[in-house]
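# Provide a 3D model corresponding to the input given below.
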Amino acid sequence: MQASELQEIPLRFRYPGHLALKARPFRLTPDPAFYFDSRTHSEALRGLQSFLHREDGLALIYGDVGTGKTLLCKLFLEGLDGKVFNGGLILNPMMNAKEFLAEVLRVFDIVPRCHSTRATMIETLRSLVETEGEKGKQSVLAIDEAQLLSDDLLDLLARHSDSKDKGGSSLRVVLFAQEELAARLVDRRMRHVRRRIAMTHCLQPLSPDEIGPYITHRLAAAGSRNVIGFSQDALEGIYCASWGHARIVNIVSDRCLFVLNERSRTTVTRKIVGQVLREEGIPTFPKGKASANGRPRILRLALAGVISALILSGSLIILRLAAVL
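The predicted structure is shown next:
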């Protein structure tokens with residue numbers, strides 16, 4: 001069962017009182033309060049801070065399903081200094097150009113007029129960026145699920161991010177997308193967009209040594225006071241089943257807590273993990289049988305080729321190629 005298939009499985013609604021939890025530690029809804037500062041997410045945030053202070057153009061954060069893109073997007077926006085940045089967020093960009101521009105204006109608190117043309121809304125957006133720039137504020141637009149953007153919208157964003165006002169301000173755009181967007185950018189027709197990408201980072205799954213701290217952190221954020229434990233072999237079992245994808249780690253861990261309820265226990269063992277995996281139909285792979293991020297080798301090589309092509313274009317300034325390989 002793949003991460004994309006698991007996302008529709010509902011989590012248990014409540015946990016028993018003897019586990020002493022005030023909230024659901026492994027819910028799928030992205031919540032910055034449960035953010036775990038993994039190596040890959042920390043690097044992405046540092047790269048974005050550098051992008052905001054040194055570069056114009058576009059930034060691209062991409063990764064597989066369940067690697068925490070939406071959570072990182074929310075955390076990034078919440079971390080913006082309101083005195084310096086004017087941030088906006090679009091969650092689902094699957095729309096035509098006029099609908100998209102109208103939505104961009106709305107997230108920046110501008111109500112577009114009825115029957116506004118594409119050109120009119122672009123001019124309104126430029127005026128907004130210029131006005132904010134005069135106040136000493138940089139306009140930043142974050143777009144989640146950016147792989148849903150049409151080629152036309154990607155081109156529009158690239159051109160607008162390349163257009164500076166009289167004061168030298170331009171719209172900063174950060175794309176949070178699945179890996180397919182990186183593949184699309186190799187196309188010759190997308191070279192203008194590719195040239196405008198000033199920063200990129202590929203989010204990686206959690207490493208084996210991060211699984212335990214991740215689970216402990218989520219439990220603590222939910223109010224646990226070291227009542228609940230996961231044995232080392234249980235953590236190894238969760239990693240072999242999830243390949244480090246946080247979404248699957250959450251699903252398996254949630255099921256394990258439900259089993260603890262049934263058995264009135266407080267420690268998750270490898271046997272409990274095995275039971276959960278069998279019941280949910282989640283396959284597990286022995287160490288060394290699966291790649292670090294769960295991709296078949298041919299897919300990893302294809303992705304590496306995509307990224308290499310982007311490097312040759314001269315458009316990327318930050319990349320962790322070794323982590324992908």
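# tell me the secondary structure for the residue lying closest to Ile272 once chain neighbours are set aside?
Excluding its sequence neighbours, the residue lying closest to Ile272 (CB to CB, 6 or more residues apart in numbering) is Val259, at 5.0 Å. C-beta: built from backbone N, CA, C; applies to glycine. Under DSSP: H, G, I helix; E, B strand; the rest coil, the three-state class of Val259 is helix.
# go ahead and confirm Val259 touches Lys271.
No: judged on CB atoms under 8 Å, Val259 makes no contact with Lys271 at a distance of 9.6 Å.
# who has more neighbours out of the two?
Val259 (17 against 13; other CB atoms under 10 Å).
# contacts only, for the more buried one.
Applying CB atoms under 8 Å, 6 or more residues apart in numbering, we find Val259 in contact with 268, 272, 275-276.
# surely Met121 touches Pro112?
Yes: using CB under 8 Å, Met121 makes contact with Pro112 at a distance of 5.8 Å.
# joint contacts of the two?
101-102, 105.
# all strands for the stretch 201-325 of the chain, in order.
229-230, 267-268 (DSSP state E, counting those that start in this stretch).
# what about the first one, average pLDDT?
Put plainly, it is strand 229-230. Averaging the model's pLDDT scores along strand 229-230 yields 94.
# in its sheet, what does that strand sit against?
Sheet pairing of strand 229-230 (DSSP bridges) gives strand 267-268 (parallel).
# list of residues touching the strand it pairs with?
228-231, 234, 253, 256-257, 259-260.
# possible to save those as a markdown table with distance to Leu60?
Shown next, in a markdown table, are the contacts of strand 267-268 (distance: CB to CB, whole Å):
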| residue | distance to Leu60 |
| --- | --- |
| Ile228 | 38 |
| Gly229 | 39 |
| Phe230 | 35 |
| Ser231 | 39 |
| Ala234 | 36 |
| Ser253 | 30 |
| Cys256 | 35 |
| Leu257 | 36 |
| Val259 | 40 |
| Leu260 | 41 |
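# in ChimeraX, how would I select the buried members of the residues you listed?
To isolate the buried subset of the contacts of strand 267-268 in ChimeraX, counting by 16 or more other CB atoms under 10 Å, use the following:
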select :228,229,230,234,253,256,257,259,260
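# Thr29: which of the contacts of strand 267-268 is nearest?
Ser253 (15.0 Å; CB to CB).
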